[in-house]
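Visitor: I'd like to go over a predicted model; first the sequence, then the structure.
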Amino acid sequence: MNAVWKILIVLLFVSVLIVVIFIAESVRFNRYVSNVQADEFKIPVNENAPVVSHGSIGINAPVEAVWAVLTGINKWPEWQEEVTSASLAGEAAEEASFEWEAGGIGFTSKIHTMQANKYFGWTGSTTGAMAVHNWSFVQAGDSTLVKVDESLQGVFPLLLKQYFQKNLDKGIKNSLNELKAAVESGNAARVTMKNK
């Protein structure tokens, strides 16, 4: 057997292995989101996923202002540098789906939890990766404590764990800082007015 055939066989084997992992991870994610039982979020982040990140920040604004900015999905590109498009048809509500693009990657997401001024969560998927993304809000005087948790699973987070962990940690930090800047700069009032 010549070298070309050996290379082709190895490539075929690797391709089949990736497809099998891709399918297995998709099935694992779908089982997880279908079988979880939770109090706060209908789908909590999967702490056993290959990539998990958590973050929090204090924002000097009432919880209603923070909520209005974050749940105004169609306005995400106005205050998030990485988000280039976001499209939610209709109202933000549980079971509503939306499409968005960040960092050149397109995502299809579905809101799973929406309790006004308390909990906002969605699942999302793109080629080779699925996520659970949850935000919680606690009013503390004139400020709001915002917490965000996200888990990533799929063939790419599994095979490239360190790369995805680093990027998710950075993305969580950036999202929190951008949300704080948008709300505290008065952008919340503009977004709230546009959403009405």
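Guide: Yes, it's here.
Visitor: shaky segments in the protein?
Guide: Residues of the chain that meet the criterion pLDDT under 70 lie in 1, 33, 36-39, 187-196.
Visitor: in it, which residue is closest to the centre?
Guide: His133 (4.1 Å; CA atoms, centre = their mean).
Visitor: who's that residue bridged to?
Guide: Trp122, Glu150 (DSSP bridges).
Visitor: Next: Glu101.
Guide: In this entry, Glu101 is beta-bridged to Ser85, Gly106, by DSSP bridges.
Visitor: top helix in this protein by residue count?
Guide: helix 3-35 (DSSP state H).
Visitor: Report the contact partners of the residue nearest to the centre of the chain.
Guide: Val45, Ser109, Gly121, Trp122, Thr123, Gly124, Val148, Asp149, Glu150 (CB atoms under 8 Å, 6 or more residues apart in numbering). In this view, the C-beta of every residue, glycine as well, is placed from N, C-alpha and C.
Visitor: Then Thr144?
Guide: Gly58, Ile59, Ala61, Pro62, Val63, Ala65, Val66, Phe137, Val138.
Visitor: okay, these in a markdown table with secondary structure next?
Guide: Below are the contacts of Thr144 laid out as a markdown table (DSSP: H, G, I helix; E, B strand; the rest coil):
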| residue | secondary structure |
| --- | --- |
| Gly58 | strand |
| Ile59 | strand |
| Ala61 | coil |
| Pro62 | coil |
| Val63 | helix |
| Ala65 | helix |
| Val66 | helix |
| Phe137 | strand |
| Val138 | strand |
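Visitor: how near is the residue nearest to the centre of the chain to Glu81?
Guide: 17 Å (CB to CB, to the nearest Å).
Visitor: From Glu99, how far out is the residue nearest to the centre of the chain?
Guide: With CB to CB as the criterion, His133 and Glu99 are 15 Å apart.
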